[in-house]
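**Q** how would this look folded up:
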Amino acid sequence: MNSAFSGRFDELNQWRDGVCARLDDLAAFLTEQVAPDSTEQSQLASLRQRLSTDKLVVAFVGEFSRGKSELINAIFFADTGRRVLPATPGRTTMCPVELSHDPSQPITVSLLPIATRLAGSSLAELRRNPQAWTHVPLDVARPEHLSSALLEVMGTQRVSVAEAVALGLWDESNSGHNPSPDENGRIEIPAWRHALINYPHPLLCQGLVVLDTPGLNALGSEPELTLGLLPSAHATVFIVGADTGVTQSDMAIWRDHLGSRQGAAFVVLNKIDALRDPLLTPQQIAAHIESQRTATARLLGVPAQRVFAMSARQALVARVESDDDGQTASGIAEFEAALSAELLPQRKQVLHRLIEDTVSSLQQRAGRRLGDARRQVAEQMLELRGLRGKSSGRLRTIRQRIEQEALEFEHCHSRLVALRGLHSRLLDEALEGLSEENLKTEVHQLLADIKASVLKLGARKAFVAACARLRERLSQASRQAQEIREMLAGTFTHLNAEFGFGLVLMPGPDLSRFGDELDAIEQSYTQYLGLGQALRLSQPQFMAQFRRMLLSRLDPVWDGARSDIESWNGAMTTHVEVQLHERRRSFQKRAEALSRIRGASDELELRITDIEQQDAQLQSRIERLAVVAQAVLASASTAVASEGNMDVTLPFDEFVSVRKAQA
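**A** Residues are numbered from 1 along each chain as shown. Got it, this is the predicted structure:
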């Protein structure tokens, strides 16, 4: 890989592999030494799955013939020695193209016929229906076959104006963006609605997803592209032409689809080779390019350092021919450096926070169980040591006391039954506001408010109000979860004091991140509900798609909040059940020990020795748990290989030795 982005992405993947190896060590230790419960196993599996399948989505957006496909070729696919995506003069990509790799699926180009728009099915639904797509196999061993197969994304067909209107590809209110009919009154439209390219390129195999979008017409006519794919992209690259400057249609794309995502948007002023006039000096050409770059930044309202002047075609040719001077002249290096320096550390930071939260929670829960077991062992040890030199009558008295304690302990069962009933009722109340039915009710109310607004000019206001109501539901669920925690706190204190439990209250579920996700959804959607979208909002087909896309974005937020509350509740319930089980076992083991050692002092000493060994083993497990958990956190905190001092691929035992030496 000769691309700066490729190199940094490789490093991110190495970091992720290193963390996964440490997680495997933690999972093995918990399985062998602590016996994790179902909640802990689920947490580990979920984190492992997230790390191994995490995707990084980069969307390339711009009007047609701006060089989007050529830029993708130059950054990601120059190592194939040819153009992978078609990038000839004129309009090439006629539908959104998504490049990724799923090893469980065949290597193909999957094309979704444009006629599927008539059925009203969403892209998410159609992704789960392979029969709806046309599949073209790819031969990765033959680069020329790959390029020719991808020419399918340029496919078009001719239909009547009525058919185009039904497909949502003809806008009577904006005739300037409609294609011109031929002599038979028919117009040219894309043959495909969406294209999925499953290709085993190294970057795609590591989790990169590249989205190549067509021009303004497709962005405006496909709500799922503008309301789903673009807002979910981790970065967007907006391409304008140095030869044309920022045109009116460029401004429409920026204003309607990207303006609110400036923090995650990069601007590329492409085709600077067209500005290189042989009659001008190099200094004059550089000044002209810089003037264009500054003007582009001013028109789009972004800092000048986020606008990169370059030639994608020159970069691709230079990389294919291993021409270092050509690469430098193309300007691609500066853009790749900025893209990788900003985007990849952000992804690492998000994953690091998830790793830290999960591993810390697992360590606390496992450590608490080991601590409880050690406390019970200590009680047995004190009791057995106190039996040295006691008569058989004294032993009989102690046994009777143990039996009485066990009987009194069982009396707490009725209190726990009452606790479970109250706990269950409070939990149901907390989850009720986050039910799927309530979410659909809120979305239905939103659509009704939009429909009722005069000329749909109140759509944005209605959406903001709906988001406020959803935010209040999250806050209410958080408050109710806190009430459950306060109720458990009083109960745990009483049980610990009266029955000798070692119950520890865990921090309540933190739903603030779901509020942040809701804020991001509100920000990404409000730009599509302004005056420019008033006519589309009056179209039933658009509103139906809008409803599906909105629910597809809100469902994970709602499910995640419910899952966090249920997971926390399950952890607390399991904590109580484990304590009950261990307490009963402790009484049984104490009684059995007294029966065995009655009248035999040597048996007493053997039992004391056995208890001391158990205590030492538990202490060793607690120390080992801390080391294994710290190894995961240290691996997650370590910079990628080129930036840090720690080789994340060290064997585990060697890694632990290094960590101890550093400490």
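**Q** quick one: the strands in the stretch 51-200 of the chain?
**A** Counting by DSSP state E, counting those that start in this stretch, the stretch 51-200 of the chain has strands at residues 56-61, 97-100, 108-113, 134-137, 156-160, 186-190, 192-198.
**Q** which one of those lies closest to R365?
**A** Proximity to R365, assessed across those by C-beta to C-beta, is greatest for strand 56-61 (31.2 Å). (Glycine included, C-beta is placed from N, CA and C.)
**Q** for the closest one, packing partners?
**A** Applying 3 or more C-beta pairs under 8 Å, 6 or more residues apart in numbering; DSSP states H and E, we find strand 56-61 packed against helix 68-76, strand 208-212, helix 230-232, strand 235-241, helix 332-385.
**Q** hang on, the earlier thing: now render the strands of the stretch 51-200 of the chain as CSV, adding mean neighbour count.
**A** As requested, the strands of the stretch 51-200 of the chain are exported to CSV (neighbours: other C-beta atoms under 10 Å):
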stretch, mean neighbour count
strand 56-61, 23
strand 97-100, 23
strand 108-113, 20
strand 134-137, 14
strand 156-160, 16
strand 186-190, 19
strand 192-198, 24
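**Q** these: which one's closest to T213?
**A** Ranking these by proximity to T213 (C-beta to C-beta) places strand 56-61 first, at 5.1 Å.
**Q** next, the angle strand 235-241 makes with that closest one.
**A** Here the directions of strand 56-61 and strand 235-241 differ by 20 degrees (axes from the mean of the first three to the mean of the last three C-alpha atoms, to 10 degrees).
**Q** so what strands line up beside strand 56-61?
**A** strand 208-212 (parallel), strand 235-241 (parallel) (DSSP bridges).
**Q** tabulate those strands (JSON lines), appending mean pLDDT, mean neighbour count and distance to R128.
**A** Listed next are those as JSON lines, based on pLDDT from 0 to 100; neighbours: other C-beta atoms under 10 Å; distance: least, C-beta to C-beta, whole Å:
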{"stretch": "strand 208-212", "mean pLDDT": "87", "mean neighbour count": "22", "distance to R128": "18"}
{"stretch": "strand 235-241", "mean pLDDT": "89", "mean neighbour count": "24", "distance to R128": "26"}
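**Q** reformat those strands as a markdown table; add distance to I75.
**A** Output for these, formatted as a markdown table (distance: least, C-beta to C-beta, whole Å):
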| stretch | distance to I75 |
| --- | --- |
| strand 208-212 | 9 |
| strand 235-241 | 9 |
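**Q** relative to M543, which of the ones you listed is closest?
**A** strand 208-212 (24.6 Å).
**Q** dump the strands of the stretch 51-200 of the chain to a markdown table, plus distance to L230 and mean pLDDT.
**A** Listed next are those as a markdown table, based on distance: least, C-beta to C-beta, whole Å; pLDDT from 0 to 100:
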| stretch | distance to L230 | mean pLDDT |
| --- | --- | --- |
| strand 56-61 | 6 | 88 |
| strand 97-100 | 12 | 89 |
| strand 108-113 | 18 | 91 |
| strand 134-137 | 25 | 90 |
| strand 156-160 | 23 | 86 |
| strand 186-190 | 18 | 84 |
| strand 192-198 | 13 | 89 |
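**Q** and of those strands, who's closest to T328?
**A** Between T328 and the strands of the stretch 51-200 of the chain, the tightest spacing by C-beta to C-beta is seen for strand 56-61, at 22.6 Å.
**Q** CA-only coordinates of the closest one in PDB, if you can.
**A** Extracted in PDB, the C-alpha atoms of strand 56-61 (Å, rounded to 0.1, in the frame of the first residue of the first chain):
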ATOM      1  CA  LEU A  56     -15.300   2.800   8.800                       C
ATOM      2  CA  VAL A  57     -17.500   4.500   6.200                       C
ATOM      3  CA  VAL A  58     -16.200   7.200   3.900                       C
ATOM      4  CA  ALA A  59     -18.600   8.800   1.500                       C
ATOM      5  CA  PHE A  60     -17.600  10.700  -1.600                       C
ATOM      6  CA  VAL A  61     -20.200  13.300  -2.700                       C
END
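**Q** how about the strands of the stretch 51-200 of the chain in JSON lines, adding distance to C205?
**A** What follows is the strands of the stretch 51-200 of the chain, written out as JSON lines (distance: least, C-beta to C-beta, whole Å):
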{"stretch": "strand 56-61", "distance to C205": "12"}
{"stretch": "strand 97-100", "distance to C205": "9"}
{"stretch": "strand 108-113", "distance to C205": "16"}
{"stretch": "strand 134-137", "distance to C205": "18"}
{"stretch": "strand 156-160", "distance to C205": "32"}
{"stretch": "strand 186-190", "distance to C205": "29"}
{"stretch": "strand 192-198", "distance to C205": "11"}
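**Q** tally of neighbours for H444?
**A** When counting by other C-beta atoms under 10 Å, one arrives at 11 neighbours for H444.
**Q** OK, contacts around the spatially closest residue to D37 that is not a sequence neighbour?
**A** Residue nearest to D37 in three dimensions, not counting chain neighbours: T574, with 4.9 Å by C-beta to C-beta, 6 or more residues apart in numbering. For T574, the contact set (C-beta atoms under 8 Å, 6 or more residues apart in numbering) comprises 37-39.
**Q** drop anything exposed from the residues you listed.
**A** Neighbour counting by 16 or more other C-beta atoms under 10 Å classes 37, 39 among those as buried.
**Q** and A315, how many neighbours?
**A** 29.
**Q** do L151 as well
**A** For L151, the count of nearby residues is 14 (other C-beta under 10 Å).
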